[in-house]
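> Predicted model and sequence follow; I will ask about them next.
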Amino acid sequence: MTTTLDQPRKTWRDRVFNRPTRPYIHPYLGGLLLGIVLFLAFFITGNGLGASGGLNRIVVFVQDIFAPEHVDRIPYLLKMAGGALNPLDDWVVPLVVGTIVGGFISGWFSGRLQVETNRGPHISKHTRWATALLGGAIMGYGARMARGCTSGQALSGGAVLSVGSWAFMFAVFAGGYAMAYFVRRLWN
Amino acid sequence: MPFPLPLETLVSKPVMFLIFGLIGVAFGFVLESAGFGNSKKLAAQFYLKDMTVLKVMFGAIVTAMVLIFIAVGLGILDFSLVWVNPTYLGSGILGGLIMGVGFIIGGFCPGTSLVAMATRKIDGLFFVLGVLIGIFAFGETEQYFDQWWNTAGYMGRLTIPDWLNLPVGAVVVGIVLIALFMFWAAEQLERIYGQRDLQKEPSWRRYAAVGLVTFAVSIIVIGTPTTAEKYDRIASTKDAALANREVQINPGELLDSIANDTLKVVVLDVRPEAEFNQFHISGAKNTPLAQIEDIIPELHAQQALNTVFVLASNDEVAATEAWKVLSAESIPNAYVLEGGINQWIATFGKDEGDIVQVSSPAGDDSLCFSFPAALGDRYQAADPLPHEWELDYTPKVKLQVKRDKSGGGCG
């Protein structure tokens, strides 16, 4: 007598979230593909890529709901949401939404949708969440000061040879390497 | 159709947003595929163990740069319509340093954290929340250093070739070579600090490097298209517009447009300086035809969206040539003054005894009037009062909305 073991039925959850993990693509291939995407963005639309600008507009959209008069009084916010202006009415917003969707699709294909917290071996999950929040806040502040993040300034401005974007890019790496030694326990 | 496409006028807004959304999908897909959703991989860059960030970033920059400038060289992409992040050295460098600190503490940059969040990485979610808080804080505090933020080291649209005064092709080749050196150095660092076996690296990367250099060198060979070559590409539609008199505006329309507060009219007088000094329309700027190409960057820098350029010569010959230059260089809202200065004076200078007509307009751009002295715009006819002149004309000025100048990059 042989018994057939019932194959566990695959639920839709398994098909989305528990697929076999594939390795990342080679960095040079990644660079090549990212370069082609960046080129197509410039070629078709005249604009590059962006991320923090879209997040900025989402923040201002929320501010405009709760404190429209406040938004109208601050020139920086006024530019995006003053009066009847809808801060979400800008190309960078669908771009950011698309980025999230694209990231999800790639993670789905390659089986990288596990819930996890990537962190160095010597810190707890909660420490990592706190540093992520803190680092994010610093990054968000710096990105708006620099009028763009790694995508909108370094990648986009770098490819069209903007002097300011190249200066910015070296500043980011300089800041990162200068700080890396002091926070090495977070990652190593 | 010259690229980039004028999406604002070509397609409806939902379609335009769909296009940007699809670009975003491709962007997010590639970021995640390259491992940018993993903060450990990103942070490893700063401990020299895994140089993926540098390889992907510079790989993308040089790939896009080479493709962009080949397209520009071939004349299929109009670089003046491509958004180039304006240079603000002060805020760019300080903001960059702050971002570097945030990068190594938080392990992401804004774009990569979105991808991490999308793939259910909790640290990515916290980072995105942090970014939103940081952005909010910037919006609330920018007013305290507004002056510095908007002016420190401001240089406008400045590219490395302009800054170094070198040909674009040479700069592109130089940057490609620097990037290849950096890739080589990055691999050595990975070998030393990350114990990576370089024998396992794929050999196709060498062919890719050779291909990249070949494409970069081809930019030098292709060169950049001249204004005349750019015009040739659009000549059929533009010549038709000229022939159908769609862009020649009546003196009456020019006068009304100058008086119209919703328009900012810039009259470019393309005659020789001597004739300009004899008589010119009040407020006109003298730019002899030979110099019109030199002021193109200045015209592009014109920020006001409601700017209308009107070109004037004695008749229309030189003004039409100048209009072709502006069209070839994608300056929006350019028009020719119908009948030129001769018709302007014939219209508005009828009662001005000092100005004497000495010949009738022959269409050869010669000035048909003589003046008692070179008074420039101090004649009544140079600055007629709009309410005294009710002229019949077919209005032709249609304000074409320019590309959103503030919307580029992350802005």
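Received the coordinates, thanks. It should be emphasised that the depicted structure is a prediction, and the values quoted were computed from it without experimental measurement.
> residues contacting B:A208?
Residues in contact with B:A208 (CB atoms under 8 Å, 6 or more residues apart in numbering or on different chains) are A:Y28, A:L32. All C-beta atoms are positioned from the backbone trio N, CA, C, and that covers glycine.
> secondary structure element for it?
Assigned by DSSP states H and E, B:A208 belongs to helix B:204-222.
> can you pull the pLDDT of the residue lying farthest from the centre of chain B?
Centroid-distance maximum for chain B: B:G353 at 46.8 Å, with CA atoms, centre = their mean. Each residue has a pLDDT score; the one for B:G353 is 74.
> Which secondary structure state is assigned to it?
coil (DSSP: H, G, I helix; E, B strand; the rest coil).
> Next, give phi and psi for it.
phi -60, psi -30 (degrees, to the nearest 10).
> So B:G283 versus A:Y76, what's the distance?
B:G283 is 34 Å from A:Y76, where distance means CB to CB, to the nearest Å.
> Between those two, tell me which one has more neighbours.
A:Y76 (19 against 12; other CB atoms under 10 Å in any protein chain shown).
> That one contacts B:F136, correct?
No: using CB atoms under 8 Å, A:Y76 makes no contact with B:F136, being 11.4 Å away.
> and the next element down the chain from the longest helix along chain A?
Assignment by DSSP state H gives helix A:125-145 as the longest helix of chain A. Next in sequence after helix A:125-145, counting helices and strands by DSSP H and E, comes helix A:156-159.
> one step back: quick one: is the next helix or strand after the helix holding B:A208 near chain A?
Sequence-wise, the next helix or strand downstream of helix B:204-222 (DSSP H and E) is helix B:227-243. No: interface with chain A: helix B:227-243 contributes nothing (CB under 8 Å from any CB of the partner chain), its closest point being 15.8 Å away.
> show me where pLDDT drops low in the chain?
Looking at chain A here, since you left the chain open. For chain A, applying pLDDT under 70 flags the ranges A:1-8.
> actually it's chain B I care about, not the one you picked
Those would be B:1, B:303, B:401-411, if you go by pLDDT under 70 across chain B.
> What ranges does it have for its strands?
B:87-88, B:154-156, B:248-249, B:264-269, B:285-286, B:307-312, B:334-337, B:356-357, B:369-370 (DSSP state E).
> which residues touch the third one?
Looking back up the chat, that one is strand B:248-249. B:L242, B:S257, B:V310, B:E316, B:Y335, B:V336, B:L337, B:E338, B:Y393, B:K396, B:V397.
> tally of neighbours for the residue nearest to B:I105 when sequence neighbours are not counted?
Once flanking residues are discounted, B:I105 sits nearest to A:G135: 3.6 Å by CB to CB, 6 or more residues apart in numbering or on different chains. A:G135: 31 surrounding residues under other CB under 10 Å.
> same check, this time on A:N18
13.
> tell me the contacts of it?
A:G111.
> same thing with B:N250?
Counted by CB under 8 Å, 6+ apart, B:N250 has contacts B:E338, B:L391, B:Y393, B:T394, B:K396.
> Bridge partners for the residue lying closest to the first one once chain neighbours are set aside, pull those for me.
Right, B:E338. Sequence neighbours aside, B:Q248 is the residue nearest to B:E338 in space, at 4.2 Å (criterion: CB to CB, 6+ apart). Beta-bridge pairing for B:Q248 (DSSP bridges): B:V336.
> Now do the residue positioned nearest the centre of chain A against B:G24, distance only.
Centroid check for chain A by CA atoms, centre = their mean gives A:A51 as the closest residue, at 6.1 Å. Distance from A:A51 to B:G24, counting by CB to CB: 9 Å.
> between these two, what contacts are shared?
A:L95, A:V96, A:T99.
> about what we covered before: export the contacts of strand B:248-249 as TSV, with columns for neighbour count.
Below are the contacts of strand B:248-249 laid out as TSV (neighbours: other CB atoms under 10 Å in any protein chain shown):
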residue	neighbour count
B:L242	18
B:S257	20
B:V310	25
B:E316	23
B:Y335	25
B:V336	27
B:L337	27
B:E338	23
B:Y393	14
B:K396	15
B:V397	18
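> residues in the stretch 151-300 of chain B within reach of chain A, list them.
B:153, B:155, B:157-161, B:163, B:168, B:171-172, B:175, B:183, B:202, B:205, B:208.
> Out of the residues you listed, list just those in helices.
B:I160, B:P161, B:W163, B:V168, B:V171, B:V172, B:I175, B:F183, B:R205, B:A208.
> Which two of these have the greatest separation?
B:W163 and B:R205 (31.2 Å; CB to CB).
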